[in-house]
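Asker: I'll drop the sequence and a predicted model, then ask my questions.
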Amino acid sequence: MRGFLPDHQLRQAASLADALELLAREPGVWTPLAGGTDLMVLFNAGRLKATHLLDISALADLRGIQEQPEGLSLGALTTYTELRETPAVHRHFPNLVKSARATGALAIQNRGTLGGNIANASPAADTPPSLLAYGAELELASCRGLRRVAYDAFHLGYKQLDLAQDELLVRIRVPRPSGRTFHFFRKVGTRQAQAIAKVCVAAFGRIEAGVLAEFRVGLGAVAPQPVRARRVEQVLLGARLGALPIAEAREALAADMSPIDDIRASAHYRSVVAANVLGQMLLELNKMHE
């Protein structure tokens, strides 16, 4: 069964204020549509439940990558291609570049948006682990004003978000790293491209005097939502390079995950592979003491 166009209503927002006013007037009725790379797949399969679509793809307020002293401000409509082609992203946030390269084919990268990848809330999405590792913050707008929420508090469960029905994700803010840093991203899938992740691991560390002074790990495809590996972080924070407690960190990882069996991989596979990727990452990090 395929989607039937007359069953759906599409409205293009004339401005951000217009979009927010509509979401406030009819909360829960309108579903924002940006790149459409997820929604149109559901429509084509006849499984799109949303009948009222609000096209926000032309809103200038949601576009642009701004380099600021405190970090980068990324419009929610930033595409994967824009992430790949922006020098400031390469300089400061290489994991986001790798995440963008790992997402779909070039056509998807040209059209798909960072905000859509977040709001679609797939636990196997490619950019969320990197955003978690970088300590990203989201800016949410409504007629009531703006509010910011730490990204690691945004996903509440499977497809559940800290996003009110009258709110729209407008920008993603990523703090600029400083000092000596470590960046790691690894997506494990059936293929290197055009494959949904079976396991995804991203990490960011800041090193001071040979010690991990800051360390965050983001995980994808191993829980109902993208998650921080907080128990792993607790084990490693403050540890000295060259003597990282790798075995203890691998053991702690099990408590950070709740993988399932699905069509792409078994829970056992995900657990073993995630621990192996973590071990490889820490071996790389250990070498930085040399």
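Answerer: Right, received. Where do you want to start? Numbers count the residues shown, from 1 in each chain.

Asker: which residue is the nearest non-sequential neighbour of E208?
Answerer: Closest residue to E208 apart from its sequence neighbours, by C-beta to C-beta, 6 or more residues apart in numbering: G179 at 6.5 Å. From N, CA and C alone the C-beta is placed, and that goes for glycine too.

Asker: show the contacting residues for the one you found.
Answerer: G179 makes contacts with R206, I207, E208, as judged by C-beta atoms under 8 Å, 6 or more residues apart in numbering.

Asker: after the helix or strand that contains M40, next one along is what?
Answerer: M40 belongs to helix 39-44 when elements are defined using DSSP states H and E. Of the helices and strands lying after helix 39-44 in sequence (DSSP H and E), the nearest is strand 52-55.

Asker: listing partners with orientation, what would you give for that next one?
Answerer: Using DSSP bridges, the strands paired with strand 52-55 are strand 9-12 (parallel), strand 30-33 (parallel).

Asker: tell me the most buried of these?
Answerer: Stretch with highest mean neighbour count among those: strand 30-33 (a mean of 20; mean count of other C-beta atoms under 10 Å).

Asker: so for that strand, mean pLDDT?
Answerer: Averaging pLDDT along strand 30-33 yields 96.

Asker: next: stretch 260-274.
Answerer: For stretch 260-274, mean pLDDT rounds to 96.

Asker: next one: whichever strand or helix holds G116 to chain centre, how far?
Answerer: Assigned by DSSP H and E, G116 belongs to helix 114-119. How far helix 114-119 lies from its chain's middle: 7 Å, per C-alpha atoms, centre = their mean, to the nearest Å.

Asker: what does stretch 60-76 give?
Answerer: Centroid separation for stretch 60-76 versus its chain: 16 Å, with C-alpha atoms, centre = their mean.

Asker: could you tell me the end-to-end distance of that stretch?
Answerer: 10 Å (C-alpha to C-alpha, to the nearest Å).

Asker: residues of it that come out buried?
Answerer: D61, L62, R63, I65, G71, L72, S73, L74, G75, A76 (16 or more other C-beta atoms under 10 Å).

Asker: taking those together, which two end up most distant?
Answerer: D61 and G71 (19.1 Å; C-beta to C-beta).

Asker: which residues touch the spatially most central residue of the chain?
Answerer: The centroid of the chain falls nearest to P128 when counting by C-alpha atoms, centre = their mean (1.6 Å). For P128, the contact set (C-beta under 8 Å, 6+ apart) comprises N117, I118, Y151, H155, G218, G220, P226.

Asker: now with 6 Å?
Answerer: By C-beta atoms under 6 Å, 6 or more residues apart in numbering, P128 lies in contact with P226.

Asker: which stretches of this structure form helices?
Answerer: Along the chain, the stretches classed as helices by DSSP state H are 16-25, 39-44, 80-85, 87-92, 94-101, 106-111, 114-119, 127-133, 230-236, 246-256, 267-286.

Asker: by contact count, what packs against the fifth one?
Answerer: For helix 94-101, the helices and strands in contact under the criterion 3 or more C-beta pairs under 6 Å, 6 or more residues apart in numbering; DSSP states H and E are helix 80-85, helix 87-92, helix 127-133, strand 180-188.

Asker: fine, thanks again, bye for now.
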